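J.: need a structure here:
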Amino acid sequence: MGATADKIKGATNEAIGKAKQGLGEATGSDKLKGEGAIQEAKGHGQQAVGNVKDAAKSAVNEAAKAANKNL
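T.: As a prediction, this is how the structure comes out:
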């Protein structure tokens with residue numbers, strides 16, 4: 001999966017997780033609040049993976065540019 005897809009899935013999971021937590025709060029459901037917290041954390045992780053992929057791609061591209069200049 002690409003960096004952008006990871007970031008989109010992460011943002012989606014964060015939003016759904018927050019909504020579940022709010023719904024759990026409104027209904028008094030500890031289970032729903034817990035599920036929401038877990039899903040939100042999963043979303044944070046997915047976004048972090050997307051950011052790492054972007055950073056790695058940028059580093060490789062910069063290294064390639066530097067190598068081409070030295071040739």
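
J.: drop to CA atoms for contacts and neighbour counts, all remaining ones
T.: Fine.

J.: what ranges does the chain have for its strands?
T.: Taking DSSP state E as the test, none of the chain falls into strands.

J.: in it, where is pLDDT below threshold?
T.: Residues of the chain that meet the criterion pLDDT under 70 lie in 70-71.

J.: longest helix in it, please.
T.: Among all segments of the chain classified by DSSP state H, the helix with the greatest residue count is helix 30-70.

J.: what's the spacing between the residue nearest in space to the middle of the chain and A5?
T.: Centroid check for the chain by CA atoms, centre = their mean gives Q47 as the closest residue, at 1.6 Å. From Q47 over to A5 the distance is 9 Å, taken as CA to CA, to the nearest Å.

J.: the spatially closest residue to the residue nearest to the centre of the chain that is not a sequence neighbour - how many residues pack around it?
T.: The shortest distance from Q47 to any residue other than its chain neighbours is 4.5 Å, reached at K7 (CA to CA, 6 or more residues apart in numbering). Residues lying near K7 (other CA atoms under 10 Å) number 20.

J.: measure K7 to K33 for me?
T.: Here K7 is placed at a distance of 23 Å from K33 (CA to CA).

J.: before we move on, what about A3?
T.: 29 Å.

J.: so these two - more neighbours on which side?
T.: When neighbours are counted by other CA under 10 Å, A3 and K33 differ, and K33 comes out ahead with 22 against 19.

J.: thought A19 was touching the more buried one, still the case?
T.: No: between K33 and A19 no contact is recorded; they are 9.1 Å apart, counting by CA atoms under 8 Å.

J.: so K9 versus G17, what's the distance?
T.: Going from K9 to G17 by CA to CA gives 12 Å.

J.: who has more neighbours, these two?
T.: When neighbours are counted by other CA under 10 Å, K9 and G17 differ, and G17 comes out ahead with 24 against 18.
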